[in-house]
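*Asks:* give me a 3D structure for the following:
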Amino acid sequence: MANRRTCAVIGGGTMGADIALTLARAGCTTHLVETFEEVRKTLAGRLCAGLAALGCPGRLDRLCVHASLDAVPWPGIDLVIEAVPERLDLKRGLFAEVLPRLRDDALLTSNSSSFPISAIAEGLPSAHRFFGLHYFMPAHLVPLVEVVCGPASDPALAEDLAGFMRATGKVPVIVRKDLPGFLANRLQHALAREALALVEAGVATPADVDAAVRFGFGFRFLAAGPLLQRDHAGLDVHAAAAATMYPTLAAGARPSRVLTDRVAAGRLGMKAGGGFYDWTPQAIARERERYEALLRAGLALIAPELPPVEGG
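*Replies:* Model (predicted):
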C-alpha cells in the first residue's frame, strides 16, 4: 500500500463519509459510492465542511462521489472499504459484485462493527486479502482503527494495511483473531456490563456512573491504557484488588434490564428523544457541540503521539 493510494469507500452514510474525509486529508484519491439520492445530495456539503474543520479544505479535489459502482475506475483501486448498513447479506452481495472488478492485489475491507470478516468473506474467492477495517465514530476524529484478521487473512497484508492506516494519521491495532466485537468493543462492553449492573442494583445513578468514568480512570486513559496503568501502580496492588473484586463483578450472559427495558419502551437515546437522559433537539445540538469540542481538545493533547498524516 505504500505507493498505492487510491481508495473506494462504499456507503456514504455517517461512517462512510467520515472515513472518506480521513483518506482525502492524507492526499488519497477517494471514490465514495452512495446509491441513495437523498443521502448523496447531502454529501457535497458534509465533505466540504468536514475537510474545512480538519484544516485541509483544498483536499476536496481528492474526493469523487458516485451514484453507482459502475462509475468507479476499478482498475486503479488499491483498497476497498465497505461501509454499508449492518446486514450480512448486503455486505456479502456487495463484495461478490466488487471482486470481479478489482485487480488481484487490491485489498478488501469491511467497517462492520458486528460481523466477523470470516463470515463476510465466506464462499468468496481471495479470502487472504479480506480484512475488517473498523473505524470508530466520529471516524474523522477518533484516532483508533482496528485491522481485523480472519482465519484466511494474510498476516503480511495485515501489516501492510496497518502501515497504510498510519500514513493516514490513524493509530492501527491488529486483531489477530476474528472474535465478536474485535478488540475495542469487547473492552467497551465489559465496562458497560458492569456500569449497567451498578445502575440496576441501585449502587449509582447513570449520571454518577458517567462521572466516575469521565473524571476518574477514564481521564487517565488518555495518558495510559489499562495495562500500562497497572505497571504505573504495581501489578501486586492490582492483583490483590482483582482477587477481592472479581468474584462480585457482573458476569451476566444477557444485557441488563436497565438497558433492555428502555429499548422496549422506545427510549433508544438521542434519536428517540430519550434514553438514560432526556433529549430535546436543542439539548442534542448542545451535547454534540460539547462532545466534539472535547474530542478535538483531546486530539490536540495527544497529537505528539499520533502518526503524522502523510501528504496532509
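*Asks:* contacts and neighbour counts: CA atoms only from here.
*Replies:* Fine.
*Asks:* all strands of this protein, in order?
*Replies:* 6-10, 29-33, 63-66, 79-82, 107-110, 130-135, 144-149, 171-175 (DSSP state E).
*Asks:* which stretch among those strands comes nearest Arg220?
*Replies:* Of all the strands of the chain, it is strand 144-149 that lies closest to Arg220, at 17.1 Å by C-alpha to C-alpha.
*Asks:* how many residues are close by Ala233?
*Replies:* 10 (other C-alpha atoms under 10 Å).
*Asks:* that older thread, of the strands of the chain, which is nearest Arg262?
*Replies:* Among these, the nearest to Arg262 by C-alpha to C-alpha is strand 130-135 (27.2 Å).
*Asks:* which elements pack onto the closest one?
*Replies:* strand 107-110, helix 117-121, strand 144-149 (3 or more C-alpha pairs under 8 Å, 6 or more residues apart in numbering; DSSP states H and E).
*Asks:* take the strands of the chain and lay them out in JSON lines including mean neighbour count.
*Replies:* Shown next, in JSON lines, are those (neighbours: other C-alpha atoms under 10 Å):
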{"stretch": "strand 6-10", "mean neighbour count": "25"}
{"stretch": "strand 29-33", "mean neighbour count": "26"}
{"stretch": "strand 63-66", "mean neighbour count": "19"}
{"stretch": "strand 79-82", "mean neighbour count": "24"}
{"stretch": "strand 107-110", "mean neighbour count": "25"}
{"stretch": "strand 130-135", "mean neighbour count": "28"}
{"stretch": "strand 144-149", "mean neighbour count": "24"}
{"stretch": "strand 171-175", "mean neighbour count": "19"}
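*Asks:* on that earlier part again, what's the least confident stretch among the helices and strands packed on strand 130-135?
*Replies:* Of all the helices and strands packed on strand 130-135, mean pLDDT reaches its minimum on helix 117-121 (a mean of 93).
*Asks:* still on that earlier bit, in JSON lines, list the helices and strands packed on strand 130-135 along with distance to Leu227.
*Replies:* Formatted as JSON lines, these follow (distance: least, C-alpha to C-alpha, whole Å):
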{"stretch": "strand 107-110", "distance to Leu227": "29"}
{"stretch": "helix 117-121", "distance to Leu227": "27"}
{"stretch": "strand 144-149", "distance to Leu227": "17"}
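*Asks:* adding distance to Gly298, write the strands of the chain out as CSV.
*Replies:* As requested, those are arranged in CSV below (distance: least, C-alpha to C-alpha, whole Å):
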stretch, distance to Gly298
strand 6-10, 27
strand 29-33, 27
strand 63-66, 27
strand 79-82, 27
strand 107-110, 27
strand 130-135, 18
strand 144-149, 13
strand 171-175, 15
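*Asks:* what about the ones you listed, which gets the closest to Val213?
*Replies:* Of all those, it is strand 144-149 that lies closest to Val213, at 19.5 Å by C-alpha to C-alpha.
*Asks:* and the closest one, what does it pack onto?
*Replies:* Contact here means 3+ C-alpha pairs under 8 Å, 6+ apart; on that basis strand 144-149 packs against strand 130-135, helix 155-167, strand 171-175.
*Asks:* quick check: angle from the shortest one to helix 155-167?
*Replies:* This points to strand 171-175. Going by axes from the mean of the first three to the mean of the last three C-alpha atoms, to 10 degrees, strand 171-175 is angled at 160 degrees with respect to helix 155-167.
*Asks:* what is the mean pLDDT for strand 171-175?
*Replies:* Mean predicted confidence for strand 171-175 is 98.
*Asks:* same check on the longest one?
*Replies:* For helix 155-167, the per-residue pLDDT values average out at 96.
*Asks:* if you count neighbours, what's buried in it?
*Replies:* Neighbour counts over helix 155-167 (16 or more other C-alpha atoms under 10 Å) mark 155, 157-158, 161-167 as buried.
*Asks:* identify all contacting residues around that helix.
*Replies:* For helix 155-167, contacts defined as C-alpha atoms under 8 Å, 6 or more residues apart in numbering pick out 1-2, 26, 129, 131, 145, 147-149, 171-174, 307-310.
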